[in-house]
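K.L.:
Show me the folded form of this:
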Amino acid sequence: MKDNRVWPYVLPFPLDMTKRRLVWSILQSRVGMSILTRVKLDARTFQHDLIGRLPYSNKSIIKYLKKMVDANILEQGMERVVEKGKATWMKWYIPTSLGKWFILFLRPPEEIRPELAKQTIEELFRLYSSSVVEVCEKYGFKIDSFQRVFDEQYLKATVKEAKRIKPQVVVYGSAALDIYGNLEKLPCEDETVYVEEVGRYAGGMGANVAVALAKLKVPVAFVGRIGSDFAGRILLDSLRKNDVDVSNVNITTQNSLQTLILRNGKEGRWLFALGSPEHALSITSPSEIDWILIDQSQIVYVGEVFTEIASTITSYAKNKEKTIIYRPGVPYLRFGVERIRDVLEHVSIFIINNIGWKTLQDFSEKKVENPANLLDYGPKIVIITNGAEGCNVYTQQTQYTMHVPEDLHDIFVVVDPTGAGDSFSAGLIKGLLADWTLKKAISFGQAAACITCSRMGSSPSFPTLEEVEQLRH
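P.N.:
Numbers count the residues shown, from 1 in each chain. Predicted coordinates:
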């Protein structure tokens, strides 16, 4: 670079060397510092008030006020003031953006009203942002990298400050931003159709289960990866807002996962996971696992987690005699039963939906003819969910179908089935924690899922404990 003076963009100091020297001389002077601590942030400060309050000569105070104007720390003006019937012109000063930065830096926080501090910080941030834009244009830097750094620092600070709890359930899985769109029909080849975006909601199977559990008043911790981007902020804020422990969320420089959900009133809906190798899908290393969380919990839920990591988690949890629920998404079931068998051997309850079951059948080298055959791989219970039709349950002793009660069909009209399986899983877990029978726990989960289906979006649609209890009692 021909011009190496990049550092003035980092701090809001003037580029002009003469003005910088003035700033340093002001900051090194008792008179200058005393003036800065008494200048008002949000109103005019009159020269005669400073002269009357500061223990310095008039000449010294006026000299440093002039320096501050020359250094662009203060702006000055004159105002006609009437005192005791006599009009006079009085000189006043207000801080510039640079001046406000110094005042905030020097003044104790308790002396500044919160709303004034917020307003001032926003103004300073605009100043700083304009400097960042300028330096990007000047030196060919990519503005995206600065935005990502800001997101990453915000998310990491949020996780660091997050309140830790002793969870009853620890959830390992994915978080994704769900983008909803309406369209009249799917396009033909080379055809363009208009998609009306109708909402964006925090989602992802693992994060959804964690939020649904929290709404059922279950202390829960979520462990997963969230990318450093605007979607990551939405996802983390949703988890925090719903009182999920996020202290073990891994913030990565990758992009957060997003899901496009297209709906057509006549034909149904289509889900597209907008992923790539650069997206944050799952924790990737045992070093990202807080083993104490598993020790503290009663139930370990494993969702969309890379199979090698899922096997490590479930093996440890089994040794600790925890109840383990495994509910992978369809992409993991495409590996076939051979790839997930190392996870299944540690699992207490294996849950997949009907589409997942068919996928597992199609992609397994060794054909699995009946869901009951999955019990041979280790699970004590296998549950195949089938939407409004209910679910099929398989154990070593018996198998049966749990239909969704007719009264729930009568009460709730399906608006959006997204998140229904997550809500069902959360309700089932709530029942298991209460030591209910499996049938009663499944019934509770079905009630939660029906409420979820009657609402739009994933996270916003999960019912509270009181809402589900009202249906079941």
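K.L.:
Spell out, range by range, the helices that occur in the stretch 301-450 of the chain.
P.N.:
Ranges of helices in the stretch 301-450 of the chain, per DSSP state H, counting those that start in this stretch, are 307-319, 330-333, 337-344, 354-363, 406-411, 420-433, 438-453.
K.L.:
Kindly reformat those helices as a markdown table containing mean pLDDT and distance to P460.
P.N.:
In this view, the C-beta of every residue, glycine as well, is placed from N, C-alpha and C. Formatted as a markdown table, these follow (pLDDT from 0 to 100; distance: least, Cβ to Cβ, whole Å):
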| stretch | mean pLDDT | distance to P460 |
| --- | --- | --- |
| helix 307-319 | 96 | 28 |
| helix 330-333 | 92 | 24 |
| helix 337-344 | 96 | 31 |
| helix 354-363 | 95 | 24 |
| helix 406-411 | 83 | 19 |
| helix 420-433 | 97 | 12 |
| helix 438-453 | 96 | 10 |
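K.L.:
Which secondary structure element of the protein has the lowest mean pLDDT?
P.N.:
strand 279-280 (a mean of 80; mean pLDDT, DSSP states H and E).
K.L.:
Take the helix or strand just after that strand, keep the C-alpha atoms, and write them as PDB.
P.N.:
Next helix or strand after strand 279-280 toward the C-terminus (DSSP states H and E): helix 291-296. Taking C-alpha atoms only, helix 291-296 is exported to PDB below (Å, rounded to 0.1, in the frame of the first residue of the first chain):
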ATOM      1  CA  TRP A 291     -19.300 -34.300  29.200                       C
ATOM      2  CA  ILE A 292     -20.600 -32.700  32.400                       C
ATOM      3  CA  LEU A 293     -23.800 -31.800  30.700                       C
ATOM      4  CA  ILE A 294     -24.500 -35.400  30.000                       C
ATOM      5  CA  ASP A 295     -23.500 -36.300  33.600                       C
ATOM      6  CA  GLN A 296     -26.100 -33.800  34.900                       C
END
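K.L.:
Enumerate the positions of the lengthiest helix in the chain that are buried.
P.N.:
Counting residues, the longest helix found in the chain (DSSP state H) is helix 114-139. By neighbour count with 16 or more other Cβ atoms under 10 Å, helix 114-139 contains the buried residues 120, 124, 128, 132, 135-136.
K.L.:
for stretch 416-436, same thing?
P.N.:
416-433.
K.L.:
Same question for stretch 284-301.
P.N.:
Buried residues in stretch 284-301 (16+ other Cβ under 10 Å): 288-289, 293-294, 296-297, 299-301.
K.L.:
and which of those is nearest to A448?
P.N.:
Using Cβ to Cβ, Y301 comes nearest to A448 of the buried residues of stretch 284-301, at 15.0 Å.
K.L.:
measure that closest one to A212 for me?
P.N.:
Y301 sits 11 Å away from A212, going by Cβ to Cβ, to the nearest Å.
K.L.:
For I352, give me its contacts.
P.N.:
Going by Cβ atoms under 8 Å, 6 or more residues apart in numbering, I352 touches 327-328, 333, 360, 383-385.
K.L.:
next structured bit after the longest helix of the chain?
P.N.:
helix 143-161.
K.L.:
helices or strands up against that next one?
P.N.:
helix 114-139, helix 230-241, strand 250-252 (3 or more Cβ pairs under 8 Å, 6 or more residues apart in numbering; DSSP states H and E).
K.L.:
Ok, which of those comes nearest A71?
P.N.:
The stretch from these with the least distance to A71 (Cβ to Cβ) is helix 114-139; that distance is 15.5 Å.
K.L.:
Let's test this: mean pLDDT of the closest one, rounded?
P.N.:
For helix 114-139, mean pLDDT rounds to 84.
K.L.:
Then stretch 19-27?
P.N.:
The average of the pLDDT scores along stretch 19-27 is 89.
K.L.:
What is the longest helix of the chain packed up against?
P.N.:
If you count contacts as 3+ Cβ pairs under 8 Å, 6+ apart, helix 114-139 packs onto helix 97-106, helix 143-161.
K.L.:
what does the domain assignment say about the protein?
P.N.:
Following automatic domain parsing, one finds the domains of the chain at 7-140, 165-472.
K.L.:
any chance of the helices and strands packed on helix 143-161 in a markdown table, plus distance to H279?
P.N.:
As requested, the helices and strands packed on helix 143-161 are exported to a markdown table (distance: least, Cβ to Cβ, whole Å):
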| stretch | distance to H279 |
| --- | --- |
| helix 114-139 | 25 |
| helix 230-241 | 10 |
| strand 250-252 | 9 |
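K.L.:
who wins for proximity to M205 among those?
P.N.:
Nearest to M205 among those is helix 230-241 (12.7 Å), distances taken as Cβ to Cβ.
K.L.:
Could you give the separation of the closest one from the chain centroid?
P.N.:
2 Å (Cα atoms, centre = their mean, to the nearest Å).
K.L.:
buried residues in it?
P.N.:
Within helix 230-241, the residues scored as buried using 16+ other Cβ under 10 Å are 231-236, 238-240.
K.L.:
For S57, state which of the residues you listed is nearest.
P.N.:
Taking Cβ to Cβ as the measure, S57 lies nearest R233 of the buried residues of helix 230-241, at 52.8 Å.
K.L.:
Surely the closest one touches L155?
P.N.:
Yes. Counting by Cβ atoms under 8 Å, L155 is a contact partner of R233 at 6.8 Å.
K.L.:
Check the gap between M78 and Q47 for me.
P.N.:
From M78 over to Q47 the distance is 10 Å, taken as Cβ to Cβ.
K.L.:
Settle it for me: which of the two has more neighbours?
P.N.:
Taking neighbours as other Cβ atoms under 10 Å, M78 and Q47 compare with Q47 leading, 17 against 10.
K.L.:
Look at the most centrally placed residue in the chain and report its pLDDT.
P.N.:
What sits nearest the mean C-alpha location of the chain, by Cα atoms, centre = their mean, is L236, with 1.5 Å. pLDDT recorded at L236 is 96.
K.L.:
go on, F13?
P.N.:
So, for F13, pLDDT stands at 69.
K.L.:
G457 now?
P.N.:
87.
K.L.:
Begin at 12, not 1, for the rest of this chat.
P.N.:
Sure, I'll start numbering at 12, so the last one becomes G468.
K.L.:
Surely it and Y212 touch.
P.N.:
Yes. G468 lies in contact with Y212 (Cβ under 8 Å); the separation is 3.7 Å.
K.L.:
related to what we said a few turns ago, what's the most buried one of the domains of the chain?
P.N.:
Here the criterion is mean neighbour count by mean count of other Cβ atoms under 10 Å, and of those the winner is domain 176-483, at a mean of 19.
K.L.:
Could I get the phi/psi values of the nearest residue to R64 once chain neighbours are set aside?
P.N.:
Leaving aside its sequence neighbours, R64 sits nearest to R49 (Cβ to Cβ, 6 or more residues apart in numbering; 6.6 Å). Main-chain torsions, R49, degrees, to the nearest 10: phi -110, psi -10.
K.L.:
could I get the buried residues of stretch 295-312 as a markdown table with distance to D162 and pLDDT?
P.N.:
Shown next, in a markdown table, are these (distance: Cβ to Cβ, whole Å; pLDDT from 0 to 100):
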| residue | distance to D162 | pLDDT |
| --- | --- | --- |
| E299 | 20 | 90 |
| I300 | 25 | 92 |
| L304 | 25 | 95 |
| I305 | 30 | 97 |
| Q307 | 30 | 96 |
| S308 | 30 | 97 |
| I310 | 32 | 98 |
| V311 | 30 | 98 |
| Y312 | 28 | 98 |
